[in-house]
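In: structure here, sequence nowhere to be found:
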């Protein structure tokens, strides 16, 4: 089944404790992206990757890191989480975006930073 | 940078009433996509519009792309409780990433 998986689905952590949210897709998509969703703010892009070893900042990259060592994986790293990073995070993938393919979203990771 | 504005933010309708959400871009778009997110779920792709003035239908849903390719709308005829959720438009300009609107949350009262 074609899908995007994220882990963990729920995470409660404390300020400053490094964490990683994994994202994996099995559709051989070149493009992957991370979004955060907050009430009233919609979906805001954090980082995106056009292909392996190519990553770019989205609209709200501060406090986040990503890597794209393999085509299928695109982990989101919070080196020192803060309470303002409490949010619902979605990973998404699509075939090469230049051709405007639909994005497939993962199930989401609800992060709470206390 | 590119901005995509979506209105209204919320809409409450009685079951059977129609519903429309509007999307406006500050720049001319190469295409626009629409997504639906059910409560507690993730966004799911509905459709993509590419051509100026394009109109596409999916059962009770009608999607339009403006002549100038700067605005779009989603119209639902005779809403049902299964239509509940948040509808997002997402615009694309050239090879830049999709930019999402803030969404319209639809509530349907049975």
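Out: Cool, the structure landed. All values reported here derive from a predicted model rather than from experimental measurement. Residues are numbered from 1 along each chain as shown, chains lettered A, B, ... in the order given.
In: CA only for contacts and neighbour counts going forward, please
Out: Will do.
In: who touches the nearest residue to residue A:66 once chain neighbours are set aside in this structure?
Out: Excluding the flanking residues, the one nearest residue A:66 by Cα to Cα, 6 or more residues apart in numbering or on different chains is residue A:76, at 4.9 Å. Neighbouring residues of residue A:76 by Cα atoms under 8 Å, 6 or more residues apart in numbering or on different chains: A:20, A:21, A:22, A:23, A:34, A:64, A:65, A:66, A:67.
In: what's across from residue A:76 in the sheet?
Out: Judged by DSSP bridges, the bridge partners of residue A:76 are residue A:21, residue A:66.
In: tell me how far it lies from residue A:47.
Out: 9 Å (Cα to Cα, to the nearest Å).
In: how many neighbours does residue 75 have?
Out: Went with chain A since none was named. 20 (other Cα atoms under 10 Å in any protein chain shown).
In: not quite, go with chain B.
Out: Around residue B:75 there are 17 residues (other Cα under 10 Å).
In: out of the contacts of residue A:76, the closest to chain B would be?
Out: Distance to chain B across the contacts of residue A:76 (Cα to the nearest Cα) is lowest for residue A:34, with 11.6 Å.
In: interface residues of chain A facing chain B?
Out: Contact residues (Cα under 8 Å from any Cα of the partner chain) of chain A with chain B: A:40-44, A:90, A:97-98, A:100, A:102-108.
In: and the contacts of residue A:76, which is closest to residue A:1?
Out: residue A:23 (15.8 Å; Cα to Cα).
In: how about the strands of chain B, start to end?
Out: B:4-7, B:10-14, B:19-25, B:31-37, B:44-49, B:55-58, B:61-65, B:71-76, B:85-92, B:99-100, B:104-109 (DSSP state E).
In: dump these to JSON lines, plus mean pLDDT.
Out: Output for these, formatted as JSON lines (pLDDT from 0 to 100):
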{"stretch": "strand B:4-7", "mean pLDDT": "96"}
{"stretch": "strand B:10-14", "mean pLDDT": "97"}
{"stretch": "strand B:19-25", "mean pLDDT": "97"}
{"stretch": "strand B:31-37", "mean pLDDT": "96"}
{"stretch": "strand B:44-49", "mean pLDDT": "96"}
{"stretch": "strand B:55-58", "mean pLDDT": "98"}
{"stretch": "strand B:61-65", "mean pLDDT": "98"}
{"stretch": "strand B:71-76", "mean pLDDT": "98"}
{"stretch": "strand B:85-92", "mean pLDDT": "95"}
{"stretch": "strand B:99-100", "mean pLDDT": "92"}
{"stretch": "strand B:104-109", "mean pLDDT": "97"}
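In: just the pLDDT for the nearest residue to residue B:28 once chain neighbours are set aside.
Out: Distances taken as Cα to Cα, 6+ apart put residue B:70 closest to residue B:28, at 5.0 Å, once the chain neighbours are dropped. You'll see residue B:70 listed with a pLDDT of 96.
In: quick one: residues contacting residue B:70.
Out: If you count contacts by Cα under 8 Å, 6+ apart, then residue B:70 has B:24, B:25, B:26, B:27, B:28, B:29 around it.
In: now residue A:57
Out: By Cα under 8 Å, 6+ apart, the residues touching residue A:57 are A:46, A:47, A:48.
In: mind running it again at 10 Å?
Out: Shown in contact with residue A:57 (Cα atoms under 10 Å, 6 or more residues apart in numbering or on different chains): A:33, A:45, A:46, A:47, A:48, A:49, A:64, A:65, A:66.
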